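1. Model the following, please.
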Amino acid sequence: MKLNYDKAQLEAVVDKVAERTMNMDMTWDWPCGVAYYGITEAYEATGNKKYLDMVKERVDELISLGLPDFTVNNCAMGHVLLTLYKETGDETYKKIIDDKLDYLTNHALRFGDHVLQHTVSANNDFPEQCWADTLFMAAFFMLRAGVMFERPELVEDALNQWYWHIQYLQNERTGLWYHGYDNIAKDHMSGFYWGRANCWAAFTMSQVAHILPQCYLYPKYLEIVGSLNEQLAVLKTLQTENGLWRTILDDPESYEEVSASSGIAAAMVLKGNPLHIKYINKAITGILENISEDGKVMNVSGGTAVMKDREGYRSISKRWIQGWGQGMALAFFGTVLNYEKFTGDGAL
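-> Residues are numbered from 1 along each chain as shown. All right, here's what the predicted structure looks like:
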């Protein structure tokens, strides 16, 4: 079995999603960070320099307007900066990358075994709480930067974030991830298996083997392998007939949510397990059916805190275009187009 998709069709969809994304008025924060990460993934997958040029123009404009105080969430903008620096060598990007890394290493709030507290503003938003979101916004960024700039302390810090987020957030019995953990109360708050939390975990864990040279020599990487294997094994059983995953994964009355579905399916591509091919193929169809004619990724839930109850998650609006939906769909399509790179196989 191989992935079933039309390359020309997929590249055309990538193009209209990228164009629609760049028409959004996003500022320097995590929605923009995830969206522009997706644009850079479109560039990496297609080699179309148009994507690099248009994201560079917008990032340069945002820099000229001035940057906000750093938070864990807005460190997601580090991803696009890494690609821009790699492609242009412009030290402006390197300076902001270094400032973000200094913030994460020396100033960001932490607890326990140096675990990053999730922050969304300059305030102490969620005292001693870790959220799965931090893995994309900070750990994944630190790993990429640590490898790019040969800074082993950043690699170790990133791996430590995954290690402790696994301990705090993954249910060993089910393999699924909770949204957040409160280290003060020692609980998972409302305790739901939120779809996008599992997307952040699966997508970033599946990246480690492709980024970190000789990853098997790091004991904490082996924890990531075990965690991802268990998670994907259960996630495949929760895929809907439409090829998607729900905003509460194990709740049949929760709506299907496309950003989570994109990240979970991308993790399966990156993992390269042939047993996942049939699930990836279903996801390709399901996600493509949720792309509007003008490139909007539809049925993406709005920004979601750790909600108080099941109805809180079910009631989050999925009506509007969201940067994270655009970015994760582009990341998924990019992994599909790069399938040969991960497995040696191609599309039919």
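2. least trustworthy helix or strand in the protein by mean pLDDT?
-> One helix or strand of the chain scores below all others by mean pLDDT, DSSP states H and E: helix 339-343, with a mean of 72.
3. so how far is Val72 from the residue nearest to Glu172 when sequence neighbours are not counted?
-> Of all residues not flanking Glu172 in the chain, Glu230 sits nearest, at 7.6 Å (Cβ to Cβ, 6 or more residues apart in numbering). For every residue, glycine as well, the C-beta is placed using N, CA and C. From Glu230 across to Val72, the span is 26 Å (Cβ to Cβ, to the nearest Å).
4. Compare the two (neighbour count), which wins?
-> Val72 (25 against 18; other Cβ atoms under 10 Å).
5. for the nearest residue to that one once chain neighbours are set aside, helix, strand, or coil?
-> Using Cβ to Cβ, 6+ apart and skipping the chain neighbours, the partner closest in space to Val72 is Thr119 (4.6 Å). Using DSSP: H, G, I helix; E, B strand; the rest coil, the structure places Thr119 in coil.
6. Where does pLDDT dip in this structure?
-> 1, 342-348 (pLDDT under 70).
7. ranges for the strands of it?
-> Using DSSP state E, the strands of the chain run over 110-111, 115-116, 129-131, 180-182, 245-246, 256-257.
8. Val269: neighbouring residues, count only.
-> Using other Cβ under 10 Å, the number of residues around Val269 comes to 25.
9. could you redo the strands of the chain as CSV and give each row distance to Ile287 and mean neighbour count?
-> Converted to CSV, the strands of the chain look like this (distance: least, Cβ to Cβ, whole Å; neighbours: other Cβ atoms under 10 Å):
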stretch, distance to Ile287, mean neighbour count
strand 110-111, 36, 15
strand 115-116, 30, 24
strand 129-131, 24, 25
strand 180-182, 26, 22
strand 245-246, 11, 26
strand 256-257, 10, 24
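10. looking at these, which is closest to Tyr218?
-> Judged by Cβ to Cβ, the one of the strands of the chain that comes nearest to Tyr218 is strand 115-116, at 17.9 Å.
11. in its sheet, what does the closest one sit against?
-> strand 110-111 (antiparallel) (DSSP bridges).
12. Any chance you could list what contacts the partner strand?
-> Contacts with strand 110-111, where a contact means Cβ atoms under 8 Å, 6 or more residues apart in numbering, come from 116-117, 128, 183.
13. for stretch 95-105, same thing?
-> 63, 67, 70, 72, 75, 77-78, 81-82, 85, 116, 138, 141-142, 145, 153-154, 157.
14. for stretch 179-186, same thing?
-> 111-112, 115, 118, 126-132, 168-169, 187-190, 192-194, 197, 304, 306-307.
15. if we can go back for a sec, can you tell me which of the contacts of strand 110-111 are buried?
-> Among the contacts of strand 110-111, those scoring as buried are 116-117, 128 (criterion: 16 or more other Cβ atoms under 10 Å).
16. for the residues you listed, which one is nearest Tyr221?
-> Among the buried ones among the contacts of strand 110-111, and counting by Cβ to Cβ, the member closest to Tyr221 is Leu116, at 18.6 Å.
17. Pull the contacting residues for Ile321.
-> 20, 24, 296-297, 300.
18. Hmm, Gly263 is touching Ala329, no?
-> No. The criterion here is Cβ atoms under 8 Å, and Gly263 misses it with Ala329 at 9.4 Å.
19. which parts of stretch 99-113 are buried?
-> By 16+ other Cβ under 10 Å, the buried positions in stretch 99-113 come out as 100-101, 103-104, 108-109.
20. hang on, I meant stretch 205-216
-> Neighbour count says stretch 205-216 has 205-209, 211-212, 215 buried, by 16+ other Cβ under 10 Å.
21. This completes my enquiry, with thanks.
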